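**Q** build me a model:
(one chain, ligands or ions: 1)
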Amino acid sequence: SPILMWFRRDLRLGDHEALSAACDSGRPVIPVFIYDEETQGQGAAPRFRLSLSIEALSKSLVEKKSKLILRKGDAYSCLSKLIKETGAGSVYWSRLYDPVSKDRDTRIKAALKKDGIEAKSFKGHVLFEPWTVETKSGGFYKVYTPMWKMVRDRDLPSALPTPSKIPAPDSWPSSDALNGWRMGADMNRGRDVVVSYCTVGETAASHRLGVFIANRVSNYQKNRDIPGVDGTSGLSENLTYGEISPRKCWHSGWDALHDGKNDAEVFLKELVWREFAYHLAHHTPRIVSENWKEDWDAFPWKTDERLAEIKAWKQGRTGIRFVDAAMREMYVTGTMHNRGRMIVASYLTKHLMCHWKVGMEWFAECLIDWDPCSNAMGWQWSAGSGPDATPYFRVFNPVTQLDKFDKDREYVRKWIAEERQNPSATAKSYFEAIPRSWNMSSNDDYPEPIVSADEGRKRALEAYESRDF
Ligand code: FAD
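**A** Reported below is the predicted structural model:
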């Protein structure tokens, strides 16, 4: 009987344990993607970016004389229907670790088993399963560095090749048309702008990794912190949708290190930060929705989305150049440099004293590399409420950070058009992408800071010190 290969965030053919196992079985394989409620609930930019990834996977499967069957609706109902239509006896998938996916998958596994269907999940989204990484006393890691030390030298099997053949069924079930799902419909942020910054699909992701290892990894340690320089891999959008496996990135990093490119170790460490996010989400699922450190529940975070400071932050007009440049970068490109993410998150949660969830949700709306676990960890880390977080009293100064990481103001020039004789085309593109209702023009005066670096820091520290929790 056929195997349903249920694709989710593993939209590739190479180094795919579930797909390889299905193909090796000799049974017909029916690749499926389900646009279920959980996926429909994602923000506009990630949903749109996902549609590009589905399209790329469909094409790769056609080249292999296979096909991606698209269905929309509750995942269990769609799978059950397909099982009836095709006589499939098994469903395979790659495991996910965020609480929403985990709850869904656990439910579906139990229901399928009850129906007498084999439901088999595989590793594919992580380097190390969260339950295989333990502290010496047998618990999970709450601090990153010891976890890195624990996994650094672990052996990982080589990446699996793309299956030479994907056995097709005698007849194919019907499929929805991807266009009909209108996954880009909510992109009111100029989707043509965002799409031109996307690097989509397995082939492009592999190429991107190759270029990074050949040209950039040698200077990664220094350049990765400078937003005006193209110094990082850019692979997060591909890892998010599984267009490349973390294992392939890991082995390439190790090869570079063995070739004497010492900075490759920093890249490996970053891949383990991603692991740490899944590790934490698996062991403490509340990290995606609640203060990880419960004593932060008493902190007077502001949450009202109508507040002028929250609007100004989202719209990139706080009057703090580093913050505004980064927020505009995200709106136009669907991504934001890591240094920018730390600065805007610190400014929102500390200078503006707004809840990290406000920021996390806006990122979830705008990022093409949105990942529920990394996003939550990043926000709680920045706010001080998370595991291994920056202490609350360490408030990033967005002005001195600019002197340190954007000395020549390249990043700021790239993204801020106001008060310039010849603003860059990129800076101007922001004003074409934003909704009219924001009422912003590149001819405006650049705003005064809504809360200055010094004043915000003072206020945040006072609130922190006077807290009675
Ligand atoms: P590189 O520097 O090339 O790093 C290689 C890979 O390591 C990345 O692709 C990514 O998978 C992983 N990585 C690097 N830094 C981190 C990190 N701090 N945490 C977890 N993984 C990391 N990353 C996401 O993938 N999705 C998110 O939704 C997300 N939200 C974030 C929110 C905040 C507030 C912060 C501070 C960070 C967030 N990050 C998120 C982490 C990080 O900013 C991005 O992974 C990174 O900027 C991606 O760029 P890159 O692929 O060029 O990274």
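**Q** the helix or strand hosting residue 343: what's the following helix or strand?
**A** Using DSSP states H and E, residue 343 maps to helix 338-346. Later in the chain than helix 338-346, the nearest helix or strand by DSSP H and E is helix 356-366.
**Q** restricting to C-alpha, output that next one in PDB.
**A** The C-alpha coordinates for helix 356-366 follow below in PDB (Å, rounded to 0.1, in the frame of the first residue of the first chain):
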ATOM      1  CA  TRP A 356       7.900  41.300  24.400                       C
ATOM      2  CA  LYS A 357       4.800  39.500  23.100                       C
ATOM      3  CA  VAL A 358       3.800  42.700  21.100                       C
ATOM      4  CA  GLY A 359       7.200  42.500  19.400                       C
ATOM      5  CA  MET A 360       7.200  38.700  19.000                       C
ATOM      6  CA  GLU A 361       3.800  38.900  17.200                       C
ATOM      7  CA  TRP A 362       4.800  41.700  14.900                       C
ATOM      8  CA  PHE A 363       7.900  39.700  13.900                       C
ATOM      9  CA  ALA A 364       5.700  36.700  13.300                       C
ATOM     10  CA  GLU A 365       3.700  38.800  10.900                       C
ATOM     11  CA  CYS A 366       6.600  40.300   9.000                       C
END
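**Q** what mean pLDDT does the helix or strand following it get?
**A** For helix 356-366, the following helix or strand on the C-terminal side (DSSP H and E) is helix 372-383. The pLDDT scores in helix 372-383 average 97.
**Q** for stretch 221-236, same thing?
**A** Summarised as a single mean, pLDDT over stretch 221-236 is 97.
**Q** only alpha carbons, please: show the helix or strand hosting residue 329 as PDB.
**A** Element membership for residue 329, per DSSP H and E: helix 321-333. C-alpha atoms of helix 321-333 as PDB (Å, rounded to 0.1, in the frame of the first residue of the first chain):
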ATOM      1  CA  ARG A 321      18.000  55.600  13.700                       C
ATOM      2  CA  PHE A 322      19.200  52.100  14.400                       C
ATOM      3  CA  VAL A 323      15.700  51.000  15.500                       C
ATOM      4  CA  ASP A 324      14.000  52.600  12.500                       C
ATOM      5  CA  ALA A 325      16.500  51.300   9.900                       C
ATOM      6  CA  ALA A 326      16.000  47.800  11.200                       C
ATOM      7  CA  MET A 327      12.200  47.900  11.400                       C
ATOM      8  CA  ARG A 328      12.100  49.200   7.800                       C
ATOM      9  CA  GLU A 329      14.500  46.600   6.700                       C
ATOM     10  CA  MET A 330      12.100  43.900   8.000                       C
ATOM     11  CA  TYR A 331       9.100  45.500   6.400                       C
ATOM     12  CA  VAL A 332      10.700  45.600   3.000                       C
ATOM     13  CA  THR A 333      12.800  42.500   2.900                       C
END
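**Q** let's number from 55 now, not from 1
**A** Let's use 55 as the start, then, which means that last one is helix 375-387.
**Q** other SSEs contacting it?
**A** Applying 3 or more Cβ pairs under 8 Å, 6 or more residues apart in numbering; DSSP states H and E, one finds that helix 375-387 contacts helix 245-249, helix 362-368, helix 392-400, helix 410-420, helix 452-459, helix 464-469, helix 479-487. Every residue, glycine included, has its C-beta placed from N, CA and C.
**Q** how distant is the first one from the center of its chain?
**A** Translated: helix 245-249. Mean-position distance between helix 245-249 and its chain equals 18 Å (Cα atoms, centre = their mean, to the nearest Å).
**Q** again, but for the fourth one
**A** Taking the mean C-alpha point of helix 410-420 and that of its whole chain, the gap between them comes to 12 Å (Cα atoms, centre = their mean).
**Q** what does this structure have sitting close to the ligand?
**A** By Cβ under 6 Å from any ligand atom, the residues of the chain that approach the ligand are 278, 286-290, 293-294, 321, 324-325, 327-328, 331, 392, 395-396, 399, 417, 421, 423-425, 428-429, 432-433, 436.
**Q** if we can go back for a sec, for the helix holding residue 397, packing partners?
**A** Contact analysis of helix 392-400 by 3+ Cβ pairs under 8 Å, 6+ apart lists helix 375-387, helix 410-420, helix 426-437, helix 452-459 as its packing neighbours.
**Q** would a markdown table of those helices with distance to residue 262 be doable?
**A** Below are the helices and strands packed on helix 392-400 laid out as a markdown table (distance: least, Cβ to Cβ, whole Å):
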| stretch | distance to residue 262 |
| --- | --- |
| helix 375-387 | 15 |
| helix 410-420 | 21 |
| helix 426-437 | 18 |
| helix 452-459 | 23 |
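**Q** could you dump the ones you listed into a markdown table with mean neighbour count added?
**A** A markdown table is the format used below for these (neighbours: other Cβ atoms under 10 Å):
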| stretch | mean neighbour count |
| --- | --- |
| helix 375-387 | 26 |
| helix 410-420 | 21 |
| helix 426-437 | 25 |
| helix 452-459 | 16 |
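**Q** how about residues contacting the helix holding residue 383?
**A** 243-244, 247-248, 251, 281, 367-372, 389-391, 394-395, 397-398, 401, 417, 420-422, 452-453, 455-456, 460, 465-466, 468-470, 480-481, 483-484, 487-488 (Cβ atoms under 8 Å, 6 or more residues apart in numbering).
**Q** follow-up on the earlier one: and the helices and strands packed on helix 375-387, which one's lowest on average pLDDT?
**A** Among those, helix 245-249 carries the lowest mean pLDDT, at a mean of 90.
**Q** just checking, next helix/strand downstream of it?
**A** Sequence-wise, the next helix or strand downstream of helix 245-249 (DSSP H and E) is helix 256-265.
**Q** average pLDDT for that next one?
**A** Throughout helix 256-265, pLDDT has a mean value of 98.
**Q** ok, now how distant is residue 362 from residue 108?
**A** Plainly put, residue 362 is 39 Å away from residue 108 if you go by Cβ to Cβ, to the nearest Å.
**Q** which one of those two has more residues nearby?
**A** Between residue 362 and residue 108, counted using other Cβ atoms under 10 Å, residue 108 has the larger neighbour count: 20 against 8.
**Q** what pLDDT does the more buried one get?
**A** Looking at residue 108, its pLDDT is 98.
**Q** show me what contacts residue 133?
**A** Contacts of residue 133 by Cβ under 8 Å, 6+ apart are 58, 60, 86, 88, 145, 162, 166.
**Q** next one: residue 391
**A** Neighbour list for residue 391: 281, 286, 380, 383, 465 [criterion: Cβ under 8 Å, 6+ apart].
**Q** the last one against residue 285, yeah?
**A** No - with contact taken as Cβ atoms under 8 Å, residue 465 and residue 285 are classed as non-touching, separated by 11.9 Å.
**Q** compare those two (neighbour count), which wins?
**A** residue 465 (23 against 20).
**Q** for the ligand, see how far away the more buried one is.
**A** Per Cβ to the nearest ligand atom, to the nearest Å, residue 465 is found 14 Å from the ligand.
**Q** can you tell me which residues contact that residue?
**A** 281, 282, 376, 379, 391, 394.
**Q** rerun at 10 Å
**A** Contact partners of residue 465, counting by Cβ atoms under 10 Å, 6 or more residues apart in numbering, are 280-283, 375-376, 379-380, 383, 391, 393-394, 456, 459.
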